[in-house]
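Visitor: Got a predicted structure plus its sequence, pasted below:
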Amino acid sequence: MKEMIALNQELAEKTGELEITVLNQWIREHHREKPLTYIIKTWGCQMNERDSEIMAGVVEECGYTRVDREEEADLIIYNTCLIRENAEMKVFGNLGQLKVLKRKNPKMRIALCGCMAQKEHIVAKLKKSYPHVDLVFGTHNIHELPALLLESYRDNRRQIHVLEDGVKTYQNLPSKRLYNFKGFVNIMFGCNNFCSYCVVPYTRGREQSRSKDEILAEVRGLAESGYQEITLLGQNVNSYGNDLESSVDFADLLEAIAVIEGIKRIRFMTSHPKDISRRLIDTMAKYPTICNQLHLPVQAGSNAILKKMNRKYTKESYIEMLNYAKASIPELTISTDLIVGFPGETEADFQETLAMVREAEYDFAFSYLYSPRAGTPAAIDPDQVPDDIKHHRFDRLMDTVNPIFLKKNQALIGRSQKVLVESVSKNDASILNGRTEGSKLIHFPGDSNLIGKIITVKVTKAQTFILFGEVE
Ligand code: SAH
Ligand code: SF4
Ligand code: F3S
């Protein structure tokens, strides 16, 4: 089934760029007095954030102006996530509240896109119970946003168009980046791994690498615009290039990016432990522009659970690679993702996760309660772990990891760190927020004109999740 729902087949064939011009003209003709406004709300991962930047660029080009409050918007776009149940609940909760706004401004258009749109049962629910949602499109056709909007204005009917897979041509559309000093660059889309708990392969399609030339051109463009830091994005960056005709792999790509003049910091995520190579670690060690930071999601410490998760590595192979990375890259910051309460997880399995985090000595970890996701094999596993046990294990995991994070942060007290200054603190205008090369958040007094610069900050105090310091 190539196409799930297509109200207008023609729309699929139109390119975003052409439609931008047409919609722009239409808006100028129909909304002479007051420019139309938009807001985009984004849930989920950096992929979604990047897609939102592109949609922002596209709608601005069409003639919309950004506003900060939904009440003031003529177009509301929800770019959604359903990685865990609470992500999905949040979107439905917010969506319900939009009913009132739409009543006040009937010309308002409400669009839902992103990963939730890729699931048929969710589209069915939207059709049935959320009549105020005007547009639904998926992760493979965000370039059709202008065409769908135009159609929705012209015939005033709801537009639902979701593709099961597609070529990501929209990467070259205009984009409005959130920052002018650090940016995301997609290097590949989709995922082929089918970890048994995860919806991503069903919402993002199969792996599709962008060509090296296209990526390098985007990074060069960012460097020319003064960007200091870039983060290369992919669900499993280590399999970059497997689907390309040329024999380029992620280490080659990283090497080519590392020597681009102007870019001072390169990060990447996510690195799948089953595919990480020593060559990649050697490349990280070789180039000072590649940050000494590795996010290597382990998920669990028991081989039995890793097998059931379909992760395709063992705790031994994981630790071996981690130790190689630690030995090769000085001052390496390591982080991970952990899932607690996966179906069939026994107390003994959980103890192995605790042993793993103690051995790995992570600087930071994203820890999640296992959340059954419709359509994934783990969701129908009869061996689900009861909620109270999941929560109890989660609390014990926190009690184990938090002191490790604190210890690692405290080890930095008195040390100088290169910090990219990112923003002014929301609570205190005299305090700046920045990130160390290891991606640790640091607060320090300073002037807002330092934003976007890399400076040296001496760490003076450490908490579990934050460092404090002084500009040197
Ligand atoms: N591609 C990345 C992960 C993307 S999803 C990788 O393989 O590392 C981000 C994280 O969400 C995962 O690493 C996992 O820890 C978590 N996650 C995914 N599905 C989940 C589920 N059903 N329940 C709980 N956590 C989940
Ligand atoms: Fe999900 Fe696994 Fe793919 Fe990561 S590698 S996106 S966890 S299926
Ligand atoms: Fe969520 Fe989709 Fe990303 S499910 S985590 S937004 S790939």
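Guide: Great, that's in hand. This structure is a prediction, so every number in the text was calculated from the model and none was measured. Numbers count the residues shown, from 1 in each chain. Ligands and ions are numbered 1, 2, ... in the order given.
Visitor: So which residues of the stretch 251-400 of the chain form helices?
Guide: Secondary structure of the stretch 251-400 of the chain (DSSP state H, counting those that start in this stretch): helices at 278-286, 303-308, 315-328, 347-360, 387-410.
Visitor: which one of those helices lies closest to residue 64?
Guide: Closest of the helices of the stretch 251-400 of the chain to residue 64 is helix 278-286, at 40.9 Å (criterion: CB to CB). In this view, the C-beta of every residue, glycine as well, is placed from N, C-alpha and C.
Visitor: Highest mean neighbour count out of the helices of the stretch 251-400 of the chain?
Guide: helix 303-308 (a mean of 19; mean count of other CB atoms under 10 Å).
Visitor: Is it positioned near ligand 2?
Guide: No: Helix 303-308 is not in contact with ligand 2 by CB under 6 Å from any ligand atom; minimum separation 11.6 Å.
Visitor: This protein against ligand 2: which residues are in contact?
Guide: Residues of the chain lying close to ligand 2 (CB under 6 Å from any ligand atom) are 191, 193, 194, 195, 198, 200, 201, 235, 236, 272.
Visitor: Which ones among those map onto strands?
Guide: Using DSSP state E, no member of the residues of the chain next to ligand 2 falls within strands.
Visitor: What are the phi and psi values at residue 470?
Guide: phi -130, psi 140 (degrees, to the nearest 10).
Visitor: Now do the same contact list for the residue nearest to it when sequence neighbours are not counted.
Guide: Leaving aside its chain neighbours, residue 470 sits nearest to residue 458 (5.4 Å; criterion: CB to CB, 6 or more residues apart in numbering). Neighbouring residues of residue 458 by CB atoms under 8 Å, 6 or more residues apart in numbering: 414, 415, 416, 417, 469, 470, 472.
Visitor: How about the contacts made by the second one?
Guide: Each residue near residue 415 by CB under 8 Å, 6+ apart is listed here: 458, 459.
Visitor: how far away is it from residue 444?
Guide: 14 Å (CB to CB, to the nearest Å).
Visitor: Also the third one?
Guide: When distances are taken as CB to CB, residue 416 and residue 444 turn out to be 12 Å apart.
Visitor: out of these two, which sits in the busier spot?
Guide: residue 444 (25 against 12; other CB atoms under 10 Å).
Visitor: Name the SS class of that one, please.
Guide: strand (DSSP: H, G, I helix; E, B strand; the rest coil).
Visitor: between the contacts of residue 458, which is nearest residue 119?
Guide: residue 417 (42.5 Å).
Visitor: What sits closest to the closest one if chain neighbours are left out?
Guide: Among residues not flanking residue 417 along the chain, residue 436 sits closest, at 4.4 Å (CB to CB, 6+ apart).
Visitor: That neighbour: how many residues sit nearby?
Guide: 23.
Visitor: Ok, residue 258 next?
Guide: Neighbour count of residue 258, defined by other CB under 10 Å: 16.
Visitor: Pretty sure it sits against residue 287.
Guide: Yes: assessed by CB atoms under 8 Å, residue 258 is found in contact with residue 287 at 3.8 Å.
Visitor: about what we covered before: by neighbours, which of the contacts of residue 458 wins?
Guide: Counting neighbours by other CB under 10 Å, the top entry in these is residue 469, with 26 neighbours.
Visitor: Next, the contact list for that one, please.
Guide: 417, 419, 442, 443, 444, 457, 458, 459, 460, 461 are the contacts of residue 469 under CB under 8 Å, 6+ apart.
Visitor: Okay, and the beta partners of the last one?
Guide: Going by DSSP bridges, residue 461 is paired in beta bridges with residue 468.
Visitor: What is the neighbour count of it?
Guide: 15.
Visitor: residues contacting it?
Guide: With CB under 8 Å, 6+ apart, residue 461 has these contacts: 413, 467, 468, 469.
Visitor: Write the ChimeraX selection for whichever of those residues are buried.
Guide: Applying 16 or more other CB atoms under 10 Å to the contacts of residue 461, the buried members can be selected in ChimeraX as follows:
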select :467,468,469
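Visitor: could the contacts of residue 461 be laid out in CSV, adding pLDDT?
Guide: Putting these into CSV (pLDDT from 0 to 100) gives the following:
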residue, pLDDT
413, 98
467, 98
468, 98
469, 98
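Visitor: Just name whatever secondary elements the helix or strand where residue 161 lies is in contact with.
Guide: Using DSSP states H and E, residue 161 maps to strand 159-163. Packing contacts for strand 159-163, counted by 3 or more CB pairs under 8 Å, 6 or more residues apart in numbering; DSSP states H and E, involve strand 3-6, helix 9-13, helix 120-129, strand 135-137, helix 145-155.
Visitor: go with 7 Å
Guide: strand 3-6, strand 135-137, helix 145-155 (3 or more CB pairs under 7 Å, 6 or more residues apart in numbering; DSSP states H and E).
Visitor: and residue 385, how many residues sit next to it?
Guide: 20.
Visitor: right, and it touches residue 341 too?
Guide: Yes: using CB atoms under 7 Å, residue 385 is in contact with residue 341, at 4.2 Å.
Visitor: Let me see the ranges of the helices in the stretch 51-200 of the chain.
Guide: 85-104, 120-129, 145-155, 200-204.
Visitor: could these go into a markdown table alongside mean neighbour count, mean pLDDT and distance to residue 245?
Guide: Formatted as a markdown table, the helices of the stretch 51-200 of the chain follow (neighbours: other CB atoms under 10 Å; pLDDT from 0 to 100; distance: least, CB to CB, whole Å):
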| stretch | mean neighbour count | mean pLDDT | distance to residue 245 |
| --- | --- | --- | --- |
| helix 85-104 | 14 | 95 | 36 |
| helix 120-129 | 14 | 96 | 34 |
| helix 145-155 | 21 | 92 | 31 |
| helix 200-204 | 22 | 96 | 22 |
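Visitor: Could you chop this structure up by domain?
Guide: 2-161, 182-409, 416-471 (automatic domain parsing).
Visitor: Compare the ones you listed and give me the one nearest ligand 1.
Guide: With CB to the nearest ligand atom, the closest approach to ligand 1 among the domains of the chain belongs to domain 182-409: 3.3 Å.
Visitor: Could you give the bridge partners of residue 364?
Guide: residue 335.
Visitor: Just give me the neighbour total for it.
Guide: Neighbours of residue 364 under the rule other CB under 10 Å: 21.
Visitor: Distance-wise, check it relative to ligand 2.
Guide: 18 Å (CB to the nearest ligand atom, to the nearest Å).
Visitor: Residue 408 is in contact with that residue, correct?
Guide: No: under the criterion of CB under 7 Å, residue 364 makes no contact with residue 408, lying 8.4 Å away.
Visitor: sorry, back to before: export the helices and strands packed on strand 159-163 to CSV and tack on distance to ligand 1?
Guide: Shown next, in CSV, are the helices and strands packed on strand 159-163 (distance: least, CB to the nearest ligand atom, whole Å):
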stretch, distance to ligand 1
strand 3-6, 22
strand 135-137, 22
helix 145-155, 25
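Visitor: what would those look like in a markdown table with distance to residue 32?
Guide: Converted to a markdown table, the helices and strands packed on strand 159-163 look like this (distance: least, CB to CB, whole Å):
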| stretch | distance to residue 32 |
| --- | --- |
| strand 3-6 | 33 |
| strand 135-137 | 24 |
| helix 145-155 | 15 |
